[in-house]
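> Fold the following and give me the result.
(one chain, ligands or ions: 1)
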Amino acid sequence: KPVDQLTTSEAQQETAALQKRLTEYGVAYYEKDAPLVEDHVYDEEYARLVALEARFPQFVNPDSPTQNVGGAETKSGLPKVTHPVPMLSLGDVFSLDELQEWEDRTVKSLGQQPKYNLELKIDGLAIALRYENGRLIQASTRGNGVIGEDVTANVKTIKAVPQELKEKVNIEVRGEVYMPKESFVQLNEAREADGQEPFANPRNAAAGSLRQLDAKVTRARKLSAFIYYTAEPEVLGATNQSQVLERFADLGLPTETHNRVINKMDEVGDYIDWCTAQRDELPFGIDGVVVKVNNFDLEYDLGNTVKVPRWAIAYKFPPEEANT
Ligand SMILES: NC(=O)c1cc2c(N)ncc(C(N)=O)c2s1
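Residues are numbered from 1 along each chain as shown. As a prediction, this is how the structure comes out:
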């Protein structure tokens, strides 16, 4: 129900429930690197709480998650970084029908049939890398999208991430840090031998390994990364997403090479089938496919909502049956 149609007691109940739930999500995400919900679910509920507290300020209390932006008490105590361009999460769809509905809306908004760039959705954690004059000067986590953590020293231990680009450009790029499946198996064997709790999945292991105070621990975890986005493609002279990936490779940035440009959405099924068949063979985890309008001039027309871009969508694979 819209916030301004709630009775005071309804608002009090919903506010208290959201404050409790988002605090639990925050502890799981920031303290345990074991998120309870997808980023966009957290974002949506957080936005609802902000709206409720704005309309009913009497229900704001000091330990509401809105009162300590960016997970101030992260266990790792890493310094904070504010993202100049917010790191949005992605909208999700779970079927080809929903994907077709997304395309219908997109074609309608654009008034034309765009090409799409299809990319694997890497199951890791998002990072932003700032290069100046071709040198890596800062690396940060997504955090809550606006405020992340400075993980520069830790990212410098990741072999796949160049500290020096092949061209002296000033650019911020974004991607995913992940733990290769092999590293994950070795890490959990070592942890169990040590009587420690194994990580539930490579994504949590990557998050826990990246957000360490001691970069030597991160180095030992043998992480890797793929870079897939920049908000400043003009710096690279790229006019579409597939060109951006090619320019990233020219610079020495690690890119996932199985991307594919398609002319319309009815070609996406073949790609999804290919990814599903390849999934177990890939040396890293994927949890879906990212579909992006390839041309940036069209992407510009579509813009973003507060939380997710309109020019891209994630098709999520059905959860893998527990291959115990
Ligand atoms: N949250 C996001 O915007 C994204 C998240 C991811 C992800 N986990 N893996 C790959 C891509 C990609 N190829 O664009 C994106 S984009």
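> The residue nearest the centre of the chain: what secondary structure?
If you average the C-alpha coordinates of the chain and look for the closest C-alpha using Cα atoms, centre = their mean, you land on Ala126, 4.2 Å from that point. Secondary structure assignment for Ala126 (DSSP: H, G, I helix; E, B strand; the rest coil): strand.
> Leaving out sequence neighbours, find the closest residue to it.
Closest residue in space to Ala126, ignoring its immediate chain neighbours: Arg142 at 4.1 Å, by Cβ to Cβ, 6 or more residues apart in numbering. (Each C-beta comes from the backbone N, C-alpha and C, glycine too.)
> Quick one: residues contacting that neighbour.
Applying Cβ atoms under 8 Å, 6 or more residues apart in numbering, we find Arg142 in contact with 39, 83, 87, 125-128, 148.
> how about the helix or strand of the chain with the lowest mean pLDDT, does it reach the ligand?
Ranking every helix and strand in the chain by mean pLDDT, DSSP states H and E puts helix 39-55 at the bottom, with a mean of 85. No: Helix 39-55 stays clear of the ligand (Cβ under 6 Å from any ligand atom), getting no nearer than 6.8 Å.
> One more: stretch 105-121?
Yes: figure legend: stretch 105-121 in contact with the ligand (Cβ under 6 Å from any ligand atom); contacting residues 119, 121.
> Take that stretch, keep the C-alpha atoms, and write them as PDB.
Output for stretch 105-121, consisting of C-alpha atoms alone and laid out as PDB, is shown next (Å, rounded to 0.1, in the frame of the first residue of the first chain):
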ATOM      1  CA  ARG A 105       8.900  -2.500 -22.800                       C
ATOM      2  CA  THR A 106      12.400  -1.700 -24.000                       C
ATOM      3  CA  VAL A 107      11.500  -1.700 -27.700                       C
ATOM      4  CA  LYS A 108       8.400   0.400 -26.900                       C
ATOM      5  CA  SER A 109      10.500   3.000 -25.000                       C
ATOM      6  CA  LEU A 110      13.100   3.200 -27.700                       C
ATOM      7  CA  GLY A 111      10.700   3.000 -30.700                       C
ATOM      8  CA  GLN A 112      13.200   0.700 -32.400                       C
ATOM      9  CA  GLN A 113      14.700  -2.800 -32.200                       C
ATOM     10  CA  PRO A 114      18.000  -2.500 -30.400                       C
ATOM     11  CA  LYS A 115      20.900  -5.000 -30.600                       C
ATOM     12  CA  TYR A 116      21.800  -6.700 -27.300                       C
ATOM     13  CA  ASN A 117      25.100  -7.700 -25.800                       C
ATOM     14  CA  LEU A 118      24.800 -11.000 -23.800                       C
ATOM     15  CA  GLU A 119      27.300 -11.600 -21.000                       C
ATOM     16  CA  LEU A 120      27.700 -14.300 -18.300                       C
ATOM     17  CA  LYS A 121      26.500 -13.200 -14.900                       C
END
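> what about the closest residue to Ile262 other than its chain neighbours, how many residues close to it?
If the residues on either side of it in the chain are set aside, Ile262 comes closest to Tyr116, at 5.3 Å by Cβ to Cβ, 6+ apart. Around Tyr116 there are 28 other residues, counting by other Cβ atoms under 10 Å.
> one step back: doesn't Ala139 make contact with the residue nearest to the centre of the chain?
No: in this structure, Ala126 sits apart from Ala139 without contact. The criterion is Cβ atoms under 8 Å, and the distance is 11.3 Å.
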